[in-house]
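S.K.: Next comes the sequence, and after it the predicted model I'd like to discuss.
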Amino acid sequence: MSLSAVHGTLSSLRSCQNDIKTTMDIVTDVAMDLAETHDDVEGNDRFKELQDTILECAKLDRDINHFVDIVQQVTSDVTSQEPENMFSLSEDVKRQFEIKLSQLSDAELHNHQKVIAFKYSIKNCQDQAGQEPAERLEELDEDIAVTQSQVNFTCPLTTVEMVNPVKNKKCNHHYDEEAIVNLIRNRYSQRKKCRCPVVGCANSDVKESDLVLDQVLRRRIQSQKRNSKM
């Protein structure tokens, strides 16, 4: 075993995580379609299967994160140790990973960002489905206006159309996920708070925990893209 092989494996695992998150987005889209066409979506067996699937994905994503952290921790001192210590590397990782798994609770899976987005999206669809016809028409007019202006589709940081829009639960503003997370982490590294980048917003302390993926807006952006190509 070599460290280069270890690093290559970790890189492959990170790629798998991207596939897992894409799968979670697809599951959320299917669940939203179900919520839009069924009154009692939570009592639907298909919805329960989708919910179980997204929780399983969250568990896999979480476990990969812990595994990668443990491997990086175990290998961090290998270069300064005797070569024979490489032979015990696999056993050390396995032992520490088993200990970590025994300390985890499935209850924490509900705090996974994409699980929160899943629940938020379903609730949003149910709320819209429960509106009176007049309210739905009014909202449709608003959606058309938004689509035409594309104001809500543009990230205030990148000034381009968002790919993965997230909503700030405190001030209700939207940003592209990668852009706002990078800004928050950059400010944190400088020991500073992150102010909401929307002009005039009084929110002076944006945290990653304040952000929730807005799958509804993401679908609207994708729909607008498809329509523009027709």
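M.R.: That came through, no problem.

S.K.: contact partners of stretch 202-216?
M.R.: Outside stretch 202-216, the residues that touch it by Cβ atoms under 8 Å, 6 or more residues apart in numbering are 25, 28-29, 32, 113-114, 116-118, 120-121, 124-125, 164-171, 173-175, 177, 180-181, 184, 193-196. For glycine as for every other residue, the C-beta is placed from the backbone atoms N, C-alpha and C.

S.K.: Let's see which of the residues you listed end up in strands.
M.R.: If you go by DSSP state E, those have Pro165, Val166, Lys167, Asn168, His174, Tyr175 in strands.

S.K.: buried stuff in the longest helix along the chain?
M.R.: Among the elements of the chain assigned as helix by DSSP state H, the one spanning the most residues is helix 3-37. Buried positions in helix 3-37, judged by neighbour count with 16 or more other Cβ atoms under 10 Å: 6, 10, 17, 20-21, 23-25, 27-28, 30-32, 34-35.

S.K.: and which of those residues is nearest Ile70?
M.R.: Closest approach between those and Ile70, by Cβ to Cβ: Leu10, at 10.8 Å.

S.K.: The chain: helices as residue ranges?
M.R.: 3-37, 45-75, 89-103, 113-129, 133-149, 177-189, 215-229.

S.K.: ok, Leu157 to Ile184 distance?
M.R.: With distances taken as Cβ to Cβ, to the nearest Å, Leu157 is found 11 Å from Ile184.

S.K.: The two - which one has more neighbours?
M.R.: For Leu157 versus Ile184, the count of surrounding residues by other Cβ atoms under 10 Å is larger for Ile184: 19 against 16.

S.K.: Output the lowest mean pLDDT helix or strand found in the chain.
M.R.: helix 133-149 (a mean of 46; mean pLDDT, DSSP states H and E).

S.K.: Walk me through the domains of the protein.
M.R.: 3-115, 133-229 (automatic domain parsing).

S.K.: what pairs with the residue nearest to Leu217 when sequence neighbours are not counted across the strands?
M.R.: Among residues not flanking Leu217 along the chain, Pro165 sits closest, at 4.6 Å (Cβ to Cβ, 6 or more residues apart in numbering). In this entry, Pro165 is beta-bridged to Asp176, by DSSP bridges.

S.K.: mind listing what Pro165 touches?
M.R.: So Pro165 contacts Cys155, His174, Tyr175, Asp176, Glu177, Leu213, Asp214, Leu217, Arg218, Ile221 (Cβ under 8 Å, 6+ apart).

S.K.: Could you list the low-pLDDT ranges of this structure?
M.R.: Along the chain, segments meeting pLDDT under 70 span 1-3, 77-87, 128-151, 230.

S.K.: Just give the number of residues close to Asn168.
M.R.: Asn168 has 20 nearby residues by other Cβ under 10 Å.

S.K.: isn't it right up against Pro156?
M.R.: No. Counting by Cβ atoms under 8 Å, Asn168 does not reach Pro156; the two are 10.8 Å apart.
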